[in-house]
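In: what follows is a predicted protein model with its sequence.
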Amino acid sequence: MPVMLAAVAPTWLQATAWISLALGVVCAIAILGDIHVGGFRQRMGVMEWVWPITALYLGPFGLAFYWRVGRRTTPRYVERHGEQRFPYWARVAVSATHCGGGCTLGDVVAETVIFAFGITIFGATIWASYGLDYAFALAFGIAFQFAAINAMMNAPFGVTLRKAAKADVWSLSAFEVGLFGWMALMFWVFFPDPHLLPNEAAYWFLMQIGMAIGLATSYPMNILLIRKGIKEAM
């Protein structure tokens with residue numbers, strides 16, 4: 001197993017990282033509490049995973065978006081205040097966060113596995129990250145998409161799985177383009193030698209930024225997929 005030397009992040013970056021990560025966790029817990037304690041259960045069960053995961057990397061912005069959109073689509077809120085109408089951009093953004101939730105979960109699992117087992121490809125962890133991050137993200141992304149489609153339509157397993165794969169592969173790939181571009185900067189520009197490692201707060205703070213970038217790069221693809229009828233605006 002190769003020995004991986006860790007970079008020493010500047011003090012300001014370490015402090016910023018801890019604050020950002022703590023905010024993400026607090027916002028995710030707030031959403032979980034609102035869903036499971038407050039009783040604002042989502043119409044699609046998979047979104048009860050997606051909203052907290054979104055808050056983990058978007059922090060207060062993810063919480064605010066949940067409060068503005070996610071909470072207001074729940075049966076409990078609609079029963080009290082009536083059916084809500086949302087602009088097209090917000091519905092597309094929810095579709096993008098749905099894709100981002102699977103991608104983020106897959107990336108976190110993959111990066112943890114790579115670090116724990118010291119996995120490299122061609123002598124570098126970045127290539128292992130690209131391969132395993134995409135594979136895990138694809139698995140979680142299709143699973144999330146399958147759950148969403150299954151909640152909207154009653155179709156055979158194979159049909160639903162094909163629809164899920166067709167809807168998620170392009171969206172997920174667009175997300176990873178943004179994230180992988182940022183990870184390349186992390187690896188070759190920001191901390192070229194030694195590299196930041198996943199046991200450091202600064203690493204995950206920069207990954208938060210990368211996931212936000214990935215969400216942005218997946219947004220146009222979600223618009224295209226919705227217009228083509230491959231996905232639906234959620």
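Out: Yep, it's here.

In: now do the helices in the protein.
Out: Ranges of helices in the chain, per DSSP state H, are 11-36, 47-58, 60-65, 75-81, 88-117, 125-152, 157-185, 201-227.

In: so what touches the third one?
Out: Around helix 60-65, the neighbours that count as contacts under Cβ atoms under 8 Å, 6 or more residues apart in numbering are 23-24, 27-28, 30-31, 51, 54-56, 58, 93, 97. (Glycine included, C-beta is placed from N, CA and C.)

In: same check on the second one?
Out: Contact with helix 47-58 is made by 24-25, 27-32, 35-36, 41-42, 62-63, 65-66, 70, 97-98, 100-101, 104-105, 144, 148, 207-208, 211-212, 215, as judged by Cβ under 8 Å, 6+ apart.

In: buried only: go through those residues for me.
Out: Buried members of the contacts of helix 47-58, counted by 16 or more other Cβ atoms under 10 Å: 24, 27-28, 30-32, 35, 42, 62-63, 65-66, 70, 97-98, 100-101, 104-105, 144, 148, 207-208, 211-212, 215.

In: just the buried residues of stretch 176-185, please?
Out: Under the neighbour-count rule (16+ other Cβ under 10 Å), stretch 176-185 has 176, 178-180, 182-183 buried.

In: can those residues go into a markdown table with extra columns for distance to P87?
Out: Output for the buried residues of stretch 176-185, formatted as a markdown table (distance: Cβ to Cβ, whole Å):
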| residue | distance to P87 |
| --- | --- |
| E176 | 27 |
| G178 | 23 |
| L179 | 26 |
| F180 | 30 |
| W182 | 28 |
| M183 | 32 |
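
In: that older thread, highest mean neighbour count out of the helices of the chain?
Out: For the helices of the chain, the stretch with the most neighbours on average is helix 47-58, a mean of 25; neighbours defined as mean count of other Cβ atoms under 10 Å.

In: where does the prediction get shaky in this structure?
Out: The chain contains residues with pLDDT under 70 at 1-6.

In: most distant residue from the centre of this structure?
Out: R80 (30.5 Å; Cα atoms, centre = their mean).

In: how close does the closest residue to A137 other than its chain neighbours sit to F122?
Out: Using Cβ to Cβ, 6 or more residues apart in numbering and skipping residues adjacent in sequence, the residue nearest A137 is G106, 3.3 Å away. Distance, G106 to F122, by Cβ to Cβ, to the nearest Å: 22 Å.

In: would you agree F205 is in contact with L13?
Out: Yes: between F205 and L13 there is a contact under Cβ atoms under 8 Å: 7.3 Å.

In: ok, now which ones touch C27?
Out: 55-56, 58-60, 62-63.

In: go with 6 Å
Out: Residues near C27 by Cβ atoms under 6 Å, 6 or more residues apart in numbering: 55, 59, 62-63.

In: also S95?
Out: S95 neighbours (Cβ under 6 Å, 6+ apart): 222, 231, 233-234.

In: keep only those of the residues you listed that are in strands.
Out: Members of the contacts of S95 lying in strands (criterion: DSSP state E): none.

In: pick out the most distant pair among the residues you listed.
Out: Pairwise distances across these (Cβ to Cβ) peak at 9.6 Å, for the pair N222 and M234.

In: contacting residues around F146?
Out: 160, 164.

In: how about L224?
Out: L224 neighbours (Cβ under 6 Å, 6+ apart): none.

In: could you rerun that using 8 Å?
Out: When contacts are counted by Cβ under 8 Å, 6+ apart, L224 touches W170.

In: can you tell me how far it is from A167?
Out: L224 is 12 Å from A167, by Cβ to Cβ.
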